[in-house]
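Visitor: Below are the sequence and a predicted model; questions follow.
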Amino acid sequence: MNNPFVQIVEPLDPKQPLKKFFNLSKLQDGRYARLPFSIRILLEAAIRNCDDFLVKKGDVENILNWKVMQHKNVEVPFRPARVILQDFTGVPAVVDFAAMRDAVKKLGGDPEKINPICPADLVIDHSIQVDFNRQPDSLQKNQDLEFERNKERFEFLKWGSQAFKNLRIIPPGSGIIHQVNLEYLARVVMDQDGYYYPDSVVGTDSHTTMIDGLGVLGWGVGGIEAEAVMLGQPISMVLPEVVGYKLIGNPQPLVTSTDIVLTITKHLRQVGVVGKFVEFFGPGVAQLSIADRATIANMCPEYGATAAYFPVDDISIGYLIQTGRDKEKVMCTKRYLEAVGMLRDFKNSSQDPDFTQVVELDLHTVVPCCSGPKRPQDKVAVSDMKKDFETCLGAKQGFKGFQIAPDRHNSIVKFNFEGHDFELTHGSVVIAAITSCTNTSNPSVMLGAGLLAKKAVEAGLTVKPYIKTSLSPGSGVVTYYLRESGVMGYLSQLGFDVVGYGCMTCIGNSGPLPESVVEAITQGDLVAVGVLSGNRNFEGRVHPNTRANYLASPPLVIAYAIAGTVRIDFEKEPLGINASGKKIFLKDIWPTRNEIQAVERQFVIPGMFKEVYQKIETVNKAWNALDAPSDKLYTWNPKSTYIKSPPFFDGLTLALQTPKTIEDAYVLLSFGDSVTTDHISPAGNIARNSPAARYLTSRGLTPREFNSYGSRRGNDAVMARGTFANIRLVNKFIDKQGPQTIHFPSGEILDVFDAAERYKQAGHPLIVLAGKEYGAGSSRDWAAKGPFLLGVKAVLAESYERIHRSNLVGMGVIPLQYLPGEDAGTLGLTGRERYTIIIPEKLKPQMNVEIKLNTGKTFHAIMRFDTDVELTYFHNGGILNYMIRKMAS
């Protein structure tokens, strides 16, 4: 082993000398015991992977010296233990791996060498939607439609599961990615290649943070970073500040974990934790189950942190046993964590590490609440919901306003549904969904919902038939314990049948509302409401016809469905009146914490988890019946509009090409500040007048069959045409917003893709000019892949969002940065010039390069390759090319 820390390697158990670990307690450095537990995981990974190239001794020292270095914007490498993907983001990753195999074969290498080096799991959960509900066979009908719509994508993914080692695919119908990760995939401590080390994960979904609740450090990344990790490369990250979040006290009897997380979300938004780790500590943590902690960690993106970490304690160890993990392995996990000082006792304050800052919440102060009507951080106490909604109705248009005229606040629209007359008004509930891994992973709130449903039915309460009710559990375990505890029948009577296993309403796959309901909402211009147990409620996300959407616990979702409106004060007004004329209040049917815990202890047992998960990869008959090719090389179907071999590796040779000067490049687009990945990357529906639509039409598709850019991420021809296709794009060359630019040789105004094609056909290289924070927003791989395919060789900007700059490097696009104090304005650049960027033979990190214009002007810019590793990627034309050459040689 060529590792400078080899002296601290030792067996965990002397009886098993081949099972070793890096014993961090033998560093004999007092700084280690003061590090936050989350930073200890970064440190262990750096020490174990230290090779003085990808991970250097200086990186280890920077992490160990966290207390000083956290404020200095220093970058450190991190190699996670695993990668997790969902199907929307996973398809392009598998496409890239398939294309890499083709490239290795062309170069004379063994294509079967191309496999994920880092273990990867792909969970198919983003494709199913609520087309059918309130029917005995809703689940089967929704799953049948899911396969009909996605057969081609699923066949490709099934091929990938058979062709690649180290890639496991969890079929559709199994559950939601993060709940499956929590209940089944997570190890807490890895036992691999003869070493024990902490489990950690990055995922191509922002709510990967949910696993932090179990003590597995994880967060969401973009596709290129995920592929790099799968190929054994580290992520480069800024050493984060760590906010210590101290929990004290006990929750009140009627409070759920949902109420706690919505309270924390609002609090941490106010504190400001963007780009930071949050680490929970204090005696209050010991009052929370792992499911409660996972609920809190799940909503980490909503309060803006990178990770929301709960260190492993004895409750975590107990959860592993409860969920059917092997007891011997669990005990080994505990021994390892004790040995390296990573097992937490939240009641022992002497274990408290140093934090950047500390904030505190007394759990006893939390009250039942919802969040909305348009953002997850806008918490509203349930007791204030009626008043708050009515205030929002008349308030100025915004996050808390709909600007409805006062004389229309009580508008009523009558309509007929299935032969019966009903009324809708502002605040009427039309969607009530128990959905999302945020809450369906938590037996206490799910059984709470079931017990509330039982009491409601027994009290004679019902839900109006036009309300779109649904239950989409995050795993089969949920259905199992709801059925065994006897509450499933009551949920069904109120319309909450199981409609599918997947994200569904939480990601906007809520399906259509009844036509008569949509007509009534439109006729009255009503602010109709969706209530869901999800994690995001941004305007337009849940459903186009629900302008107000509230996040709530599963029991509250049912309560508002029964009430039929959010304009109700549960303390003073009854949920309904039963057949006997008796008023039934929410307090009459709300289950106590003791009732819920008694049922949970009896019915949520290890045998359930073992039974569900031992057959998870084979239980879906439709998946089993898919006829996927068995070849190790994928046979690309030229007729496919979903899956296509990308041209990233066309013309690739084993020999490195000397980087060439970029000569006489035209500027494709000229931007101001804060151009986000939403502006760059294809997203949403495919506009009928767009280049992507013209391409699909030429392939014989009708607009109804276009689907979304998300579903077509495996086809570069669609994605390239959708790059810079955002209707809100502001290009300085054009007077109005829109996805167009000037093709300077002809002077024509064209769609961005069409202009890029003209330049490419004439052999002209392209660059992009931008202001500050180019590439801000969510990390998206196509925000780098798309410009590369358009022929963009470099971007010249005032500054970059960190991950997007890294993604450009990963695709071989040069990130150039103006010298301090300079920008396009000070240099007098119009973007109509032609640019020659001088690339020297010998390159160094962050060196200055000369740029010559056809006007005779010359200036310098910083070439933002920040490390030797990034320069290695550039010399290879990108990270994927680098790995192909490595595997082919």
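Guide: Great, that's in hand.
Visitor: Where does Phe859 sit: helix, strand or coil?
Guide: strand (DSSP: H, G, I helix; E, B strand; the rest coil).
Visitor: who's in contact with it?
Guide: By Cβ atoms under 8 Å, 6 or more residues apart in numbering, the contact list for Phe859 reads 819, 822, 827, 850-851. Quick note: C-beta positions are derived from backbone N, CA and C, even for glycine.
Visitor: ok, now Gly372?
Guide: Counted by Cβ under 8 Å, 6+ apart, Gly372 has contacts 378, 380, 537, 548-551.
Visitor: do Lys852 as well
Guide: With Cβ under 8 Å, 6+ apart, Lys852 has these contacts: 835-836, 838, 858.
Visitor: who's it bridged to?
Guide: For Lys852, the beta-bridge partners are Thr836, Thr858 (DSSP bridges).
Visitor: Would you mind putting the CA coordinates of stretch 202-211 into CSV?
Guide: Extracted C-alpha coordinates of stretch 202-211, given in CSV (Å, rounded to 0.1, in the frame of the first residue of the first chain):
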residue,chain,number,x,y,z
VAL,A,202,-23.6,10.9,-2.9
GLY,A,203,-26.7,10.7,-5.0
THR,A,204,-28.2,12.3,-8.1
ASP,A,205,-31.2,13.5,-6.1
SER,A,206,-31.1,16.4,-3.7
HIS,A,207,-32.9,14.5,-0.9
THR,A,208,-30.1,12.0,-0.7
THR,A,209,-29.5,13.8,2.7
MET,A,210,-32.2,11.7,4.2
ILE,A,211,-29.6,9.0,5.0
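Visitor: which residues are in contact with it?
Guide: 80, 83-86, 89-90, 93, 177-179, 181-182, 186, 201, 218-223, 225-226, 229, 235, 294, 297-301, 305, 307-308, 437-438, 441, 535, 778.
Visitor: residue boundaries of the helices in the stretch 51-200 of the chain?
Guide: For the stretch 51-200 of the chain, the helices defined by DSSP state H, counting those that start in this stretch occupy 57-64, 66-69, 87-106, 138-163, 177-180.
Visitor: re the thing from before, which of the contacts of Lys852 sits closest to Trp782?
Guide: For those, the closest approach to Trp782 (Cβ to Cβ) belongs to Tyr835, at 24.7 Å.
Visitor: Strand partners (parallel or antiparallel) of the longest strand along the chain?
Guide: Criterion DSSP state E: the longest strand present in the chain is strand 662-670. Next to strand 662-670 in the sheet, as set by DSSP bridges, lie strand 766-769 (parallel), strand 835-837 (antiparallel).
Visitor: Quick one: work out the angle between the helix or strand following the first one and helix 87-106.
Guide: Put plainly, it is strand 766-769. As assigned by DSSP states H and E, the chain's next helix or strand after strand 766-769 is helix 782-790. Between helix 782-790 and helix 87-106, the angle comes out at 40 degrees (axes from the mean of the first three to the mean of the last three Cα atoms, to 10 degrees).
Visitor: CA atoms of the next helix or strand after helix 782-790 as CSV?
Guide: Next along the chain after helix 782-790, taking DSSP H and E as the criterion, comes strand 792-797. Output in CSV follows, covering the C-alpha atoms of strand 792-797 (Å, rounded to 0.1, in the frame of the first residue of the first chain):
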residue,chain,number,x,y,z
VAL,A,792,-18.4,25.6,-27.0
LYS,A,793,-14.7,25.3,-26.3
ALA,A,794,-14.5,27.8,-23.4
VAL,A,795,-16.5,30.0,-21.1
LEU,A,796,-15.1,33.4,-20.1
ALA,A,797,-16.8,34.6,-16.9
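Visitor: Quick one: list the elements packing against strand 792-797.
Guide: Where contact means 3 or more Cβ pairs under 8 Å, 6 or more residues apart in numbering; DSSP states H and E, strand 792-797 is packed against strand 662-670, strand 766-769, strand 814-818, strand 835-837.
Visitor: ok, and what's touching that strand?
Guide: Under the contact criterion Cβ under 8 Å, 6+ apart, strand 792-797 has outside partners 662, 665, 668, 756, 765-772, 774, 787, 808, 813-818, 835, 837, 851, 861.
Visitor: average pLDDT for that strand?
Guide: Mean pLDDT, computed over strand 792-797, is 98.
Visitor: How far away from the center of its chain is it?
Guide: In terms of Cα atoms, centre = their mean, to the nearest Å, the centre of strand 792-797 is set 28 Å apart from its chain centre.
Visitor: now that strand and helix 782-790, what's the angle there?
Guide: Going by the same axes, to 10 degrees, strand 792-797 makes 130 degrees with helix 782-790.
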